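**Student:** make a model of this:
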Amino acid sequence: MPDHPAILAFACAPEWMQAAAPAEGGAPALPRFSMIAYTGGPMVLAGWRHPVVVDLAGLAIPSPRRPIRLGHDATHGVGHTEAVSVEDGKLVARGVVSRDTSAAREVVVSSKNGFPWQASIGASVVEHEFIRDGASAIVNGREVQGPVNVVRRAVLGEISFVDLGADGQTSAMVAAGDVRPAAGDQAHINPSLPPQGASMPTAPLEAATEDRPSQADSRKSDEAVSALRAAAAAETERIAAVRALAKDQPEIATKAIREGWTKERTELEVLRASRPQAPAAHMRGDEGLTGMVLEAACLLAAKHPEAEKAYDEKTLDAAARRFRGGIGLQELVLEAAWANGYTGRSFREAREVLRAAFASGSISAGWSTIDLGGILSNVANKFLLDGFFSVESTWREIAAVAPVSDFKAITRYRLIGKDTYEKVAPGGELKHGTLGEEKFTNKADTYGLLLSIDRRDLINDDLGAITTVPRKLGRGSGLKLNDVFWSTFLDHAAFFTAANKNLLVGADTALTIDGLTKAEVAFLEQTDPDGKPLGVMPQILLLPPGLSAFGTQLYKSVELRETTANAKYPIANPHQGKFRTAVSRYLSNPAFTGASQKAWYLLANPADLAAIEVVFLNGQESPTIETTDVDFSVLGIQMRGYHDFGCALQEARAAVKAKGEV
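**Tutor:** Residues are numbered from 1 along each chain as shown. Next comes the predicted model:
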């Protein structure tokens with residue numbers, strides 16, 4: 001299996017951009033955009049030996065509001081999405097240019113000038129498989145031939161405007177209204193664009209992605225390939241010239257290549273750097289030291305992979321220059337204490353140092369205070385998330401996720417029932433529908449843990465303590481969420497029953513072609529309260545680890561053969577490509593009531609009909625960490641992590657359980 005990057009970036013073209021109409025009598029509305037972020041086909045990506053296809057059925061979208069950037073640079077914000085969805089086998093994003101930055105103005109003004117922006121999305125790869133040469137797979141409703149990498153599960157991060165993307169089969173028009181470069185000015189509506197809410201023009205994209213293009217399309221494709229090759233050649237020549245000019249200035253060369261400097265600008269910057277510099281005065285407590293610099297120094301010392309993405313170049317440079325050998329835990333605490341007015345010069349009086357370090361804003365006026373608690377919390381949060389996402393997350397594949405605003409119990413009404421449209425006579429009135437009588441409830445609770453960095457860590461000057469402790473807190477939160485979720489899911493004696501027609505028992509319920517067929521039929525024969533079909537299809541096969549291998553065969557294999565002698569049997573696999581598998585070790589763990597090594601489940605997509613729901617307070621899906629000094633009786637630093645969530649079973653018709661044994 002080839003090496004692959006943890007973060008996947010792939011690209012295609014934004015289809016159109018427009019400015020929304022200003023409210024009557026109000027300020028001009030913000031420009032809006034809509035883009036096809038991925039067409040669903042193979043792409044050639046850096047870091048992958050073979051083409052890559054992302055299975056959109058396994059792409060998790062944490063929320064509809066994702067950041068929009070320029071060139072995947074966190075400091076070059078453009079706006080945010082308001083909706084991200086899979087439509088006709090493509091990933092589509094719509095949103096607004098909401099950031100007041102030079103990057104946002106560049107995108108809109110360049111679009112007005114006719115620049116053909118493309119879009120590139122960043123996603124964390126959770127699971128992928130390699131399709132070997134000569135084999136094939138069904139992905140996004142189409143067949144792909146090996147050798148190819150298929151990303152089966154990924155989590156969407158952000159979407160960026162880029163000038164050249166990985167998907168060369170896309171074509172699009174980008175336009176925008178008049179935008180003045182001053183901050184706060186917005187685009188005017190371009191009358192040639194479709195109005196807000198209208199469907200996007202898709203003909204150009206469809207023509208470019210047909211299996212048998214016309215001669216005109218082939219000529220266009222050849223011209224596009226030639227243009228890409230010419231652009232690549234020009235970029236190669238520019239990079240070679242930059243490296244030659246800045247061969248003795250590697251930092252300048254790196255920056256010039258990253259930011260697209262011309263040969264002339266590179267030469268000028270090299271000349272400026274070669275001039276003698278005036279001596280600089282350095283003193284303790286200078287204005288260059290800020291909380292952000294200390295945060296950056298901690299992440300650089302801990303070699304966190306996101307350090308250079310989280311801070312701008314000026315902050316990173318200040319951290320690297322100030323703490324060349326890396327910052328220690330004692331030095332971090334002392335820097336905060338000095339900024340808050342502490343006059344001691346060593347860590348000998350540890351209690352006094354800690355008291356000053358955590359007393360941001362309480363020392364006499366004139367000191368530029370630094371909040372050590374905030375610094376530690378921000379640094380720890382990076383490692384908290386590392387721990388949180390290191391545990392199993394199969395629950396995300398089968399559960400609906402929703403926000404709640406408080407800790408009160410919420411009520412959900414059944415999504416099926418008396419909701420069929422009625423015929424309306426000419427001039428007649430619409431009839432009132434009802435939400436039905438069946439209700440589901442859910443509520444969020446708080447789960448948390450307290451850990452401390454004690455006196456020994458402080459004396460040992462162990463910066464690793466502020467990485468290890470939050471990782472433990474993050475992992476603990478992820479484990480608790482799994483405990484609560486799977487305890488709720490497996491405690492289902494009143495949920496999967498013969499009366500609900502979603503429980504199959506007997507020897508013929510083992511996971512085989514026939515057993516899966518029986519479960520599929522049982523699911524499809526579920527009816528609403530009026531006795532009519534649900535109109536929902538099963539999509540997920542939930543399995544314990546012991547059934548994972550055969551479940552994967554059922555999903556991927558074109559044929560399955562029996563070994564019984566002298567028997568006639570079909571060899572086609574009727575379930576190939578039907579139900580994507582989700583595997584959880586909790587299903588067979590004897591510590592959980594209701595667990596079984598043989599039972600398996602067939603579920604609907606939770607976006608269509610959810611068997612179980614997870615709610616998070618204010619939509620915060622990851623835990624929170626806070627840092628402070630400990631009580632007077634204890635010498636150290638205290639970290640607490642907490643997470644507000646709740647789980648509850650919902651619609652019994654959304655799943656079928658097969659006991660798998662007599």
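**Student:** and V615, how far from P623?
**Tutor:** For V615, the distance to P623 equals 15 Å [Cβ to Cβ, to the nearest Å]. Where C-beta positions appear, they are placed from N, C-alpha and C, glycine not excepted.
**Student:** between the two, which is the more surrounded one?
**Tutor:** Each of V615 and P623 has its neighbours counted (other Cβ atoms under 10 Å); P623 has more, 26 against 22.
**Student:** check contacts around the more buried one.
**Tutor:** P623 sits next to L384, F388, L473, G474, S477, G641, Y642, H643 when contact means Cβ atoms under 8 Å, 6 or more residues apart in numbering.
**Student:** from the residues you listed, which land in helices?
**Tutor:** Using DSSP state H, L384, F388, L473, G474, S477 are the members of those that sit in helices.
**Student:** distance of the first one from V126?
**Tutor:** Taking Cβ to Cβ as the criterion, L384 is separated from V126 by 19 Å.
**Student:** which of the two has more neighbours?
**Tutor:** Neighbour count, other Cβ under 10 Å: between L384 and V126, L384 has more, with 27 against 18.
**Student:** in contact with the more buried one, which residues?
**Tutor:** The contact partners of L384, taken as Cβ under 8 Å, 6+ apart, are P470, R471, L473, G474, S477, S622, P623, I625, G641.
**Student:** how about the secondary structure of R153?
**Tutor:** Assigned with DSSP: H, G, I helix; E, B strand; the rest coil, R153 falls in the strand class.
**Student:** repeat for W48
**Tutor:** W48 ends up coil, using three-state DSSP.
**Student:** that one against V148, yeah?
**Tutor:** No. Assessed by Cβ atoms under 8 Å, W48 is found out of contact with V148, at 9.7 Å.
**Student:** now the end-to-end length of stretch 505-521.
**Tutor:** From its first residue to its last, stretch 505-521 covers 14 Å (Cα to Cα, to the nearest Å).
**Student:** for that stretch, buried residues please.
**Tutor:** Residues of stretch 505-521 classed as buried: T509, A510, L511, G515, L516, K518, A519, E520 (neighbour count, 16 or more other Cβ atoms under 10 Å).
**Student:** dump those residues into JSON lines; add pLDDT and distance to N573 as well.
**Tutor:** Output for those, formatted as JSON lines (pLDDT from 0 to 100; distance: Cβ to Cβ, whole Å):
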{"residue": "T509", "pLDDT": "93", "distance to N573": "19"}
{"residue": "A510", "pLDDT": "93", "distance to N573": "17"}
{"residue": "L511", "pLDDT": "93", "distance to N573": "13"}
{"residue": "G515", "pLDDT": "92", "distance to N573": "14"}
{"residue": "L516", "pLDDT": "94", "distance to N573": "10"}
{"residue": "K518", "pLDDT": "94", "distance to N573": "16"}
{"residue": "A519", "pLDDT": "95", "distance to N573": "16"}
{"residue": "E520", "pLDDT": "94", "distance to N573": "13"}
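**Student:** farthest pair within these?
**Tutor:** Spanning the widest gap among the buried residues of stretch 505-521 are A510 and E520, at 14.8 Å by Cβ to Cβ.
**Student:** my read is that D312 contacts G77, right?
**Tutor:** No. The pair D312 and G77 does not pass the contact test of Cβ under 8 Å, sitting 12.0 Å apart.
**Student:** those two: who's more crowded?
**Tutor:** It is G77, of D312 and G77, that has more neighbours when counted by other Cβ under 10 Å, with 19 against 14.
**Student:** where's the nearest residue to that one once chain neighbours are set aside, which helix or strand?
**Tutor:** Taking Cβ to Cβ, 6 or more residues apart in numbering, and ignoring the residues beside it in sequence, G77 has R99 as its nearest neighbour in space, at 4.0 Å. When elements are assigned from DSSP states H and E, R99 belongs to no helix and no strand.
**Student:** any idea where the helices of the stretch 301-450 of the chain begin and end?
**Tutor:** Assigned by DSSP state H, counting those that start in this stretch, the helices in the stretch 301-450 of the chain fall at 307-310, 313-322, 329-339, 350-357, 372-388, 395-398.
**Student:** where among the ones you listed is average confidence lowest?
**Tutor:** Between these, the one with the least mean pLDDT is helix 350-357; it has a mean of 78.
**Student:** pretty sure S124 is touching A154, no?
**Tutor:** Yes. Using Cβ under 8 Å, S124 makes contact with A154 at a distance of 6.2 Å.
**Student:** by mean pLDDT, flag the weakest helix or strand of this protein.
**Tutor:** helix 203-208 (a mean of 28; mean pLDDT, DSSP states H and E).
**Student:** leaving out chain neighbours, which residue sits closest to W486?
**Tutor:** Ranked by Cβ to Cβ, 6+ apart and with sequence neighbours excluded, the top spatial neighbour of W486 is Y586, at 3.8 Å.
**Student:** what's around that neighbour, how many residues?
**Tutor:** Neighbourhood size, Y586 [other Cβ under 10 Å]: 20.
**Student:** now it. Its backbone dihedrals?
**Tutor:** Note on Y586: backbone dihedrals following degrees, to the nearest 10 are phi -70, psi -30.
**Student:** tell me the spacing between it and L603.
**Tutor:** Distance from Y586 to L603, by Cβ to Cβ: 15 Å.
**Student:** how about the contacts made by A519?
**Tutor:** Contacts of A519 by Cβ under 8 Å, 6+ apart are L504, T509, P538, L602, V656, A658.
**Student:** just checking, the second one touches V656?
**Tutor:** Okay, so that is T509. No. Using Cβ under 8 Å, T509 is not in contact with V656; the gap is 10.0 Å.
**Student:** what sits against the residue nearest to M537 when sequence neighbours are not counted?
**Tutor:** Residue nearest to M537 in three dimensions, not counting chain neighbours: A604, with 7.0 Å by Cβ to Cβ, 6+ apart. A604 sits next to F523, V536, M537, P538, Q539, I540, A610, A611, A654, A655 when contact means Cβ under 8 Å, 6+ apart.
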